[in-house]
Every structure is written in structure tokens, then in C-alpha cells.
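*Asks:* Next come a sequence and a model predicted from it.
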Amino acid sequence: MNKVALLLGFPLLAVLLAGCPLIEPPVSNTCPSKGSLSIQSIDSTWTVTSAPSGLGDFTPPHVPGELIVYTEGPEVLATATGATLKPLFRYWQSPWYVAKVAKGQEQSAARTLLNAGARYVQPNYLYYPLRTPNDPEWGNQQTHFADLLHLPTAWERTTGSAALRLAVIDTGYMPHPDLLPRLTCPSGQKLDVADQDTDPRDPGANDGSSHGTAVAGVLGAVTNNARGIAGVTWAGPILPLKVFPDGTQDASTTDIATAVELASRLGARVMNLSLGGPSSDSALSQALAQARNNGAVLVAAAGNDGGSILFPASDPATIAVGAVENSKQRASFSNHGPELDLVAPGVDVYSFFDERSYGVWSGTSIATPFVSGVAALYMSAFRDAYGDWPSPDQVYQCLTATAEDLGPAGKDDDYGFGLVRPDRVMSDTSSCFP
């Protein structure tokens with residue numbers, strides 16, 4: 001797919017309510033502003049050196065009338081072709097540009113730009129949210145995923161750091177009272193990247209559910225507050241970055257790349273991407289690499305159609321996450337392949353349904369925030385122990401080395417390195433805390 005959606009472009013993420021949903025009273029729709037957030041000034045220089053060349057794949061769905069261009073000479077291209085080129089990124093000074101062309105003529109326009117001197121041209125791909133198939137058997141699966149991950153043992157060492165900022169790049173949020181205190185919306189920042197405004201609230205899907213709210217709930221629902229559910233992390237502001245325009249289930253390359261850049265500028269050290277699309281996307285790949293170079297850990301969902309790993313999970317800059325059932329067997333819908341790194345619970349996971357109620361969700365979308373949360377817990381404990389944040393490489397090494405091996409011995413296509421195990425992370429003195 002060429003549209004970035006919360007892994008929507010493929011199998012839709014089905015929300016299955018567990019009986020009668022628990023209703024909470026309505027609350028304010030205003031995302032709280034936390035003054036501790038500040039804009040980062042260290043990431044304006046473009047440091048990614050490798051770049052693609054030629055023509056991108058025009059087979060997957062993409063935004064009509066838009067191209068993404070890699071060129072060192074935008075003025076020359078504009079003069080030669082008459083195209084209007086605007087920088088893809090607002091603050092990163094990169095060679096990536098967005099060109100407006102005639103709708104339906106994207107591929108021929110791309111060839112014209114290549115002939116005029118562009119190094120690489122691709123469509124503005126579309127992505128979709130990762131939702132699960134409507135298989136009724138999944139509704140009968142057990143939901144006690146804490147038993148699989150042993151999170152209470154990990155929480156004995158740390159429940160997270162208030163200094164660690166997390167980003168959920170998704171459909172936005174609904175103001176559930178058990179989530180709202182964790183959210184942060186810095187004043188003046190266009191956190192609704194898709195609609196270019198400062199209000200990243202999710203208008204909800206056709207059934208009223210909110211994919212982004214459910215993902216954020218697993219990652220960081222307010223915990224130990226005698227209300228609702230617990231999150232994997234108990235501390236740290238969560239940035240809700242909305243990349244799906246109101247009324248759609250598709251997000252574009254440009255919006256996701258912009259959200260990654262903004263999350264980096266706002267100091268997010270963990271970015272959750274429960275979305276997927278085409279098999280590759282060179283423009284977004286470079287944005288992911290840039291954010292990782294700036295110290296961010298990026299975690300992405302593998303996909304829900306049982307096929308190969310979707311992008312951005314297939315990108316080397318991300319930690320690719322698949323889903324398992326309570327039996328620790330790969331969920332039938334979970335995509336698999338050599339790029340898969342870890343698996344986490346992904347069948348009948350209890351989280352927020354909308355701004356008032358709870359429900360169960362299945363899919364790699366809902367498995368991904370487990371890994372994002374464990375990464376955040378490890379980073380918090382590492383900083384407590386050593387006085388600095390671990391690098392993305394250190395996080396990857398720690399989480400994969402301590403995973404519970406499933407399937408054939410060693411890394412495999414169905415489970416990657418295995419089931420993420422936060423309890424092992426906190427006690428490992430070889431790969432995590434040497």
C-alpha cells in the first residue's frame with residue numbers, strides 16, 4: 001500500500017468489545033499542556049548519507065498528484081520542468097522535496113523529473129492502521145498478557161522515567177480520563193499533522209472506536225490510580241501525533257515523515273508506529289534513519305494479513321513486532337519474515353475503546369506498544385544506572401538478547417528473536433546492564 005495507515009491498508013483492525021463496555025464519565029477534550037517539553041535544536045543537520053536512485057514503485061496506492069523527489073538541485077528541476085518543489089521537512093535541511101503534478105500522470109511526471117536531473121522520484125505512498133480480521137475465535141482467547149510478559153517483576157526495578165518522552169504516531173487520541181493525564185500537547189505545535197492543526201483528537205472510526213487511543217492505552221494508561229487499566233509504562237509524557245486525516249483510514253508518506261521529524265524535535269526517545277503500507281518507501285526510510293541517528297527508538301507493527309513484513313516494520317531503523325496468542329503461538333494474522341525482531345501479546349488485548357469505555361483489540365498494532373513500553377522501561381532503568389540514555393543499538397541488543405525464544409531455536413521468521421521479556425531485561429547483566 002502507498003498510504004500510511006494504522007496498518008489499515010491491509011486487514012482492518014477489528015475491535016471486539018468484551019461484553020458490555022465499562023463506561024467512564026465524560027471529561028474535557030483538551031489535551032493537557034506540559035511546560036517541560038522543549039524543542040530540540042540538535043537535529044536540524046541532515047546526517048543520513050545513503051540515498052536511493054531511479055524511480056520508486058508506482059504499484060502501491062499513493063496520493064494522486066504528488067511525488068517525493070530526492071535532488072540536490074531543486075531550482076534546476078523547477079526551471080526545467082515547471083514543477084513546484086517544496087521541502088519535505090520543515091526543519092531538517094534535507095535533499096527531499098514534494099512536487100505537485102497532474103493527477104493521474106504521476107509516473108510520467110516522475111520520469112520527466114528524472115530526465116531533468118532528479119536523483120530519485122517516488123509516489124507519496126498511502127498507509128493504513130493495523131487492524132485485525134473479524135475471526136470470532138479470537139474473542140475467546142485469554143487476556144492476561146501480564147502473565148506472558150512478567151511486567152510486575154520488571155516494575156520492581158522501574159516503572160518508567162518522567163524525563164522520557166514517547167510518541168504515538170497514529171490516528172490521534174480520544175480524551176479518556178484514564179489516559180488524558182499522560183498526554184502532552186505543546187502549545188502551538190501542529191500535532192494533527194494530517195489536518196495541519198494543533199488539535200490531535202481522533203474523531204473515531206465508523207464504530208466510534210479509536211485505534212490511536214487503544215495503542216496509547218497499552219503503552220501508557222495512567223497506572224496505580226485506582227481506575228481503569230494499567231499501562232506498560234507509568235511515567236513520561238506521551239505525544240499524540242495524528243497522521244490520519246479526519247474521516248479517512250489512510251495516512252501518507254509525507255504526513256508520517258513529518259510526524260517523525262516533529263517527534264524528534266519534541267524530544268521523543270521512543271516512537272510507536274502501529275501502521276503499515278508498501279513494501280518499501282525510500283523517503284520515509286530516510287526520515288526514520290534520521291530520527292534513529294538522533295537517538296530515537298522506533299517500534300513498528302509487522303502487519304495483519306499473514307504475509308510478509310510491511311513497511312515501516314521492514315525498515316532496518318525500526319524494531320519489527322509480530323503478535324502471539326496466549327499460548328505463545330504466532331497469531332494466524334501476524335505477518336512474518338526475516339525482518340521480524342520480536343513478538344508480543346496481540347490477541348484480545350484489553351485497552352480503551354473510545355473516550356469513555358474499554359474493549360478488547362487484536363492485531364500487531366496492539367502488540368507493538370508492549371515492545372515500545374518495554375523499551376522505555378529499559379531506557380529509564382539504564383539512565384538510572386549509568387546517568388545517560390542508551391543508544392538505539394543498545395536497546396535493540398538488550399531486547400532481542402533477552403527475548404524468550406519461541407519456535408525453532410534461534411531467530412526465525414515467525415517469532416524473530418522471540419517474546420519480549422521485560423523481567424529478563426531488568427535482570428540481565430550481559431547485554432542490558434553490563
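*Replies:* Everything's here; your move.
*Asks:* In terms of pLDDT, where does G139 sit?
*Replies:* Predicted confidence (pLDDT) for G139: 31.
*Asks:* just the one 10 residues further on next, same as before
*Replies:* Reading off the per-residue confidence, L149 sits at a pLDDT of 88.
*Asks:* which ones are touching it?
*Replies:* L149 sits next to 344-345, 370, 374, 419-423 when contact means CB atoms under 8 Å, 6 or more residues apart in numbering. Placement of C-beta: from N, CA and C, glycine included.
*Asks:* which ones among these are found in helices?
*Replies:* Under the assignment DSSP state H, these contribute 370, 374, 422-423 to helices.
*Asks:* Please convert those residues to TSV, extending it with neighbour count and pLDDT.
*Replies:* Supplementary listing: the ones in helices among the contacts of L149 in TSV, determined by neighbours: other CB atoms under 10 Å; pLDDT from 0 to 100:
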residue	neighbour count	pLDDT
F370	28	95
V374	29	97
P422	27	93
D423	19	92
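*Asks:* from these, which is closest to S210?
*Replies:* Of all the ones in helices among the contacts of L149, the one with the least separation from S210 (CB to CB) is F370, at 18.4 Å.
*Asks:* Tell me who's in contact with the closest one.
*Replies:* Going by CB under 8 Å, 6+ apart, F370 touches 145, 149, 218, 232, 321, 344-345, 420.
*Asks:* Switch the residues you listed over to TSV; also include distance to T49.
*Replies:* What follows is the contacts of F370, written out as TSV (distance: CB to CB, whole Å):
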residue	distance to T49
F145	40
L149	38
V218	36
V232	35
V321	28
A344	33
P345	38
V420	31
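*Asks:* What's the separation between the closest residue to G220 other than its chain neighbours and S209?
*Replies:* The spatially closest residue to G220, leaving aside those adjacent along the chain, is G231, at 4.1 Å (CB to CB, 6 or more residues apart in numbering). G231 sits 18 Å away from S209, going by CB to CB, to the nearest Å.
*Asks:* In terms of secondary structure, what does the one helix or strand V299 maps to contact?
*Replies:* Remark: V299 resides in strand 297-301, with elements defined by DSSP states H and E. The criterion is 3 or more CB pairs under 8 Å, 6 or more residues apart in numbering; DSSP states H and E, and the helices and strands that strand 297-301 contacts are strand 268-273, strand 275-276, helix 282-293, strand 318-324, helix 364-386, helix 392-401.
*Asks:* Could you export those to JSON lines, including columns for distance to K103?
*Replies:* Shown next, in JSON lines, are these (distance: least, CB to CB, whole Å):
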{"stretch": "strand 268-273", "distance to K103": "28"}
{"stretch": "strand 275-276", "distance to K103": "24"}
{"stretch": "helix 282-293", "distance to K103": "19"}
{"stretch": "strand 318-324", "distance to K103": "31"}
{"stretch": "helix 364-386", "distance to K103": "31"}
{"stretch": "helix 392-401", "distance to K103": "39"}
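*Asks:* so which of those is the most packed in?
*Replies:* Ranked by mean neighbour count, these are led by strand 275-276 with a mean of 35 (mean count of other CB atoms under 10 Å).
*Asks:* So which elements touch it?
*Replies:* Other helices and strands packing on strand 275-276, by 3+ CB pairs under 8 Å, 6+ apart, are strand 3-6, strand 120-129, strand 297-301.
*Asks:* Try it again at 7 Å.
*Replies:* Counting contacts by 3 or more CB pairs under 7 Å, 6 or more residues apart in numbering; DSSP states H and E, strand 275-276 is packed against strand 3-6, strand 120-129.
*Asks:* between the longest one and helix 364-386, how many degrees?
*Replies:* With axes from the mean of the first three to the mean of the last three CA atoms, to 10 degrees as the criterion, the two stretches strand 120-129 and helix 364-386 enclose an angle of 100 degrees.
*Asks:* quick one: strands adjacent to strand 120-129?
*Replies:* Each strand that pairs with strand 120-129, with its direction, by DSSP bridges: strand 3-6 (parallel), strand 54-55 (parallel), strand 62-70 (antiparallel), strand 251-252 (antiparallel), strand 275-276 (antiparallel).
*Asks:* Highest mean neighbour count out of the ones you listed?
*Replies:* Comparing the strands paired with strand 120-129 by mean count of other CB under 10 Å gives strand 275-276 as most buried, with a mean of 35.
*Asks:* just to revisit the earlier point, partner strands of the strand holding V299, parallel or antiparallel?
*Replies:* With DSSP bridges as the criterion, the sheet partners recorded for strand 297-301 are strand 268-273 (parallel), strand 318-324 (parallel).
*Asks:* Pick the most buried one from the helices and strands packed on strand 275-276.
*Replies:* The highest mean neighbour count among the helices and strands packed on strand 275-276, using mean count of other CB under 10 Å, belongs to strand 3-6: a mean of 32.
*Asks:* quick check, nearest of the contacts of L149 to V193?
*Replies:* For the contacts of L149, with V193 as the reference and CB to CB as the criterion, the closest is F370, at 24.8 Å.
*Asks:* What distance do you get for the closest one to R265?
*Replies:* Using CB to CB, one obtains 26 Å as the distance from F370 to R265.
*Asks:* got it, and P369?
*Replies:* Distance from P369 to R265, by CB to CB: 22 Å.
*Asks:* Great, nothing more from me.
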